[in-house]
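Q: Sequence and predicted structure are below.
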Amino acid sequence: MLILGDARIPEQAKQNLFKLGTYIPILTSGITYDAISGHPDIFFCLGDRQLFVAPNIPKDYLMILKKYNVSFSMGSLPVGEKYPETARYNAVVTTDLLIHNEAVSDENLKQFFAAKKSIHVNQAYTRCNLIPLRNGKFITSDEGIFKALKSIDIDTEYFSPEGILLPGFDHGFLGGTLGIGLFDEKIFLLGELKSYPEGERLGATLKEAGYEIIELYPGPLFDGGSLLMIP
């Protein structure tokens, strides 16, 4: 399994990821602002069996994908320094849905997934804030996404982003703390549930969805731009 994660996640989490698969630490310079410059969900969008990649990702990472025979497509527009250019690939893709701010989504990504039902949300950092679970349920740390999905009867549960670390900001987002392996029954957490104010409820929700929870280091939930796990 290939695992894409921010190079600056806590050291113990990195060491545990090295044991789980081939961990690729992501970090860029001169492309976007520092806090998210290593976040995989800024440069990659992982759909069902397809990876979309920002065209200005450093070529070293493209070479790694090719080395491991990962199928990917290139986006049409680069990631930029400021919003909304930072959020072009931060979409959530499921078997039948594409959830993102339609005004921000990269055109190549939208065209590739055109057969899916597109759901517009105002929060363009969608993947940072939204995780699809195995039972058709979603969890989110954005109230706007929560209201948008609930309004069309999609089973969604809201969790506060307070207590989630993102260096340089007051808090991070829930989606950025989690990694789910495709076709896997494990969910990987950058931090431990007991350090998160709503950890007990989050743990119960994840277990109800059928996941074994793997806490990667003993400390607060850390927003590393999610962990992208490619079998």
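A: That came through, no problem. Numbering: from 1, shown residues only.
Q: ok, residues contacting the helix or strand bottoming out on mean pLDDT in the chain?
A: Taking mean pLDDT, DSSP states H and E as the measure, the helix or strand of the chain with the lowest value is strand 178-181, at a mean of 83. Contact with strand 178-181 is made by 1, 3, 5, 131, 186-190, 211, 226-229, 231, as judged by C-beta atoms under 8 Å, 6 or more residues apart in numbering. No exception for glycine: its C-beta is placed from N, CA and C like everyone else's.
Q: In strands, which of those residues fall?
A: Here DSSP state E is the test, and those give 3, 5, 131, 186-189, 227-229 as lying in strands.
Q: In ChimeraX, select just the buried ones from the contacts of strand 178-181.
A: The following ChimeraX line selects those of the contacts of strand 178-181 that are buried, judged by 16 or more other C-beta atoms under 10 Å:
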select :3,5,131,187,188,189,190,211,226,227,228,229
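Q: Can you tell me which of the contacts of strand 178-181 is closest to Asn108?
A: Leu228 (18.3 Å; C-beta to C-beta).
Q: Which residue ranges of this structure form helices?
A: Per DSSP state H, the chain carries helices over the ranges 11-20, 40-43, 59-67, 107-112, 126-129, 143-150, 199-208.
Q: Which neighbouring elements make contact with the second one?
A: The helices and strands touching helix 40-43, judged by 3 or more C-beta pairs under 8 Å, 6 or more residues apart in numbering; DSSP states H and E, are strand 2-6, strand 227-230.
Q: quick one: that helix to chain centroid distance?
A: 7 Å (C-alpha atoms, centre = their mean, to the nearest Å).
Q: Over it, what's the mean pLDDT, rounded is fine.
A: For helix 40-43, the mean per-residue pLDDT is 98.
Q: Give me the contact list for it.
A: Contacts of helix 40-43 (C-beta under 8 Å, 6+ apart): 4-6, 26, 28, 32, 36, 53-54, 57, 61, 79, 86-87, 89-90, 127-128, 175-176, 225-228.
Q: Write a PyMOL command that selects only the buried members of those.
A: In PyMOL, a selection of the buried entries from those looks like this (16+ other C-beta under 10 Å):
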select buried, resi 4+5+6+26+28+32+36+53+54+57+61+79+86+87+89+90+127+128+175+176+225+226+227+228
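Q: Output the below-cut-off pLDDT ranges for this structure.
A: Along the chain, the parts satisfying pLDDT under 70 run over 181-183.
Q: how about a cut-off of 90?
A: Residues of the chain meeting the criterion pLDDT under 90: 1, 47-50, 134-136, 180-185, 230-231.
Q: Leu130 and Ser29, how far apart?
A: According to C-beta to C-beta, to the nearest Å, Leu130 stands 28 Å off from Ser29.
Q: Contact partners for the nearest residue to Ile24 once chain neighbours are set aside?
A: Nearest residue to Ile24 in three dimensions, chain neighbours excluded: Leu4, at 5.3 Å (C-beta to C-beta, 6 or more residues apart in numbering). Residues counted as contacts of Leu4 (C-beta under 8 Å, 6+ apart) are 24, 26, 40, 44, 227-230.
Q: Mind putting those residues into a markdown table with distance to Gly144?
A: Listed next are the contacts of Leu4 as a markdown table, based on distance: C-beta to C-beta, whole Å:
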| residue | distance to Gly144 |
| --- | --- |
| Ile24 | 32 |
| Ile26 | 27 |
| Pro40 | 23 |
| Phe44 | 24 |
| Leu227 | 24 |
| Leu228 | 24 |
| Met229 | 27 |
| Ile230 | 29 |
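Q: Much appreciated, bye for now.
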